[in-house]
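sequence below, structure please.
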Amino acid sequence: MLEEIREQPAALEKTLRMGLRPAANLARAIALKKPRTIVLAARGTSDNAAQFGRYLLEIATGIPVSLAAPSVTTLYRAKLDFKDALIVAVSQSGESTDTNLVLERGREQGALTVGITNEPASSLAKLAEHVFFVRAGRERSVAATKTYTGQVMLLYLLAHALGAKIAIDDLRRVPGWAADALKLEDEIAARAERYRFMDQAVVVGRGLNYANAFEFALKMMETCYVVAERFSSADFLHGPIAMVERNFPLFLFAPAGVTWDGTRDMLARLAALKAETLIFTDRSNREAAAHPRAIVIPANIAARGARPAELFTPIPYIIPAQIFAASLAAWKGLDPDRPRTLSKVTRTL
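Predicted coordinates:
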């Protein structure tokens with residue numbers, strides 16, 4: 001798992017470079033008929049990437065996006081109207097039976113279809129009209145890391161193909177920010193020791209980093225066997241904050257930008273409750289970087305005035321969280337590469 005976490009800057013660079021042509025081809029198809037709605041179909045870690053895609057695509061393109069409930073198609077056999085829709089299936093292996101069926105049914109009904117996968121020979125790659133490949137190489141660890149960030153990178157390219165004002169030159173900076181995040185490995189491993197007896201936690205993120213809350217929680221659940229709940233900061237204040245008491249562990253993603261005011265207020269409330277709070281941020285958020293328990297990526301990710309300011313934070317922000325999960329598993333005496341009862345490819349209907 002740690003080896004694959006370290007491979008991410010190179011994998012991201014290759015994924016972006018080799019995704020430019022498919023993005024241009026998709027942009028030409030979209031120019032002929034722009035979709036009125038987008039449906040993202042995925043499971044597991046890929047579903048967390050899709051959650052990011054929902055926020056990104058709606059914010060950057062103005063096109064309504066929904067996350068598919070595959071059982072509506074596979075179990076209830078409902079016939080959905082996919083006219084003028086773009087359906088995007090996201091799967092590390094490309095062999096997720098239910099998400100592939102959503103894509104297949106949508107194509108039968110005239111939807112434009114896109115596949116995002118790490119496996120060129122997969123069923124998904126054969127089903128979709130347009131295919132974007134994560135260029136991460138074989139992922140050996142059961143806990144997905146480099147394929148998650150590769151999927152997120154390709155969702156930026158999808159947004160670009162749909163006309164979003166996302167500059168390719170800015171995307172070319174993301175692998176460097178990922179490398180900056182990797183510089184924190186020793187610091188994060190040392191911090192993780194403090195949590196070696198943790199068996200429950202809450203992870204909070206909002207907006208473009210809401211998906212990272214889900215992904216970090218998933219990594220702690222599957223590699224450290226920690227019961228990790230995940231919330232947006234808004235939802236957390238609507239009830240779940242009642243369970244917080246002294247030393248209760250919380251992890252927050254705290255970028256600069258429109259979500260920071262609410263995150264700042266929440267941090268103040270958690271401090272009053274004496275919670276054990278650890279936050280992930282970068283140098284562009286000076287206020288968050290001054291927090292006594294902050295993991296600070298040594299880069300100014302909003303330096304070029306991206307709008308919104310946190311637009312490019314999700315990939316570099318998840319990397320310290322991945323390192324934390326792998327390190328915590330080691331402190332707990334667990335093997336993060338072989339979680340109990342899990343396998344790399346999961347097929348469900």
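
and stretch 70-84, C-alpha only, in PDB?
Extracted C-alpha coordinates of stretch 70-84, given in PDB (Å, rounded to 0.1, in the frame of the first residue of the first chain):
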ATOM      1  CA  PRO A  70     -27.400   0.300  -9.600                       C
ATOM      2  CA  SER A  71     -29.900  -1.900  -7.900                       C
ATOM      3  CA  VAL A  72     -32.700   0.100  -9.500                       C
ATOM      4  CA  THR A  73     -31.500  -1.400 -12.800                       C
ATOM      5  CA  THR A  74     -30.100  -4.800 -11.700                       C
ATOM      6  CA  LEU A  75     -32.600  -5.900  -9.000                       C
ATOM      7  CA  TYR A  76     -35.800  -3.800  -9.600                       C
ATOM      8  CA  ARG A  77     -35.300  -3.800 -13.400                       C
ATOM      9  CA  ALA A  78     -36.700  -0.300 -13.700                       C
ATOM     10  CA  LYS A  79     -36.500   1.200 -17.200                       C
ATOM     11  CA  LEU A  80     -35.000   4.700 -16.800                       C
ATOM     12  CA  ASP A  81     -35.200   7.400 -19.400                       C
ATOM     13  CA  PHE A  82     -31.600   8.200 -20.300                       C
ATOM     14  CA  LYS A  83     -32.500  10.500 -23.300                       C
ATOM     15  CA  ASP A  84     -29.900  13.300 -23.600                       C
END
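
do a quick rundown of the helices in the stretch 151-300 of the chain.
With DSSP state H, counting those that start in this stretch, the ranges of helices along the stretch 151-300 of the chain come out as 168-171, 174-182, 185-192, 210-224, 233-237, 260-272, 286-289.

nearest to Pro9, of these?
helix 174-182 (4.3 Å; CB to CB). No exception for glycine: its C-beta is placed from N, CA and C like everyone else's.

give me the distance from stretch 53-70 to the chain's centre.
14 Å (CA atoms, centre = their mean, to the nearest Å).

list the buried ones in that stretch?
Within stretch 53-70, the residues scored as buried using 16 or more other CB atoms under 10 Å are 53-57, 59-61, 63, 65, 68, 70.

just the CA coordinates for stretch 228-247, please, in PDB.
As requested, the backbone C-alpha atoms of stretch 228-247 are provided in PDB (Å, rounded to 0.1, in the frame of the first residue of the first chain):
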ATOM      1  CA  ALA A 228     -15.200   5.500  10.800                       C
ATOM      2  CA  GLU A 229     -18.300   7.600  10.100                       C
ATOM      3  CA  ARG A 230     -18.100  10.300   7.400                       C
ATOM      4  CA  PHE A 231     -20.000  13.600   7.200                       C
ATOM      5  CA  SER A 232     -20.100  16.900   5.600                       C
ATOM      6  CA  SER A 233     -19.500  19.700   8.100                       C
ATOM      7  CA  ALA A 234     -23.100  20.900   7.600                       C
ATOM      8  CA  ASP A 235     -24.600  17.500   8.200                       C
ATOM      9  CA  PHE A 236     -22.400  16.800  11.200                       C
ATOM     10  CA  LEU A 237     -23.800  19.900  13.000                       C
ATOM     11  CA  HIS A 238     -27.300  18.700  12.400                       C
ATOM     12  CA  GLY A 239     -27.100  16.000  15.100                       C
ATOM     13  CA  PRO A 240     -24.000  13.700  15.000                       C
ATOM     14  CA  ILE A 241     -21.900  16.300  16.900                       C
ATOM     15  CA  ALA A 242     -23.900  15.200  20.000                       C
ATOM     16  CA  MET A 243     -21.700  12.100  20.200                       C
ATOM     17  CA  VAL A 244     -18.500  14.100  20.600                       C
ATOM     18  CA  GLU A 245     -16.800  14.200  24.000                       C
ATOM     19  CA  ARG A 246     -13.400  14.700  25.400                       C
ATOM     20  CA  ASN A 247     -10.700  12.900  23.300                       C
END
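
model confidence over it, on average?
Stretch 228-247 comes out with an average pLDDT of 87.

repeat for stretch 279-290
96.

got the buried residues for it?
For stretch 279-290, a neighbour-count test (16+ other CB under 10 Å) marks 279-285, 288-289 as buried.

and of those, the nearest to Ser122?
Phe280 (32.3 Å).

what residues are bridge-paired with that closest one?
Phe253, Ile295 (DSSP bridges).

need the residue closest to the centroid of this protein.
Residue closest to the mean C-alpha point of the chain, counted by CA atoms, centre = their mean, is Ala49 at 3.9 Å.
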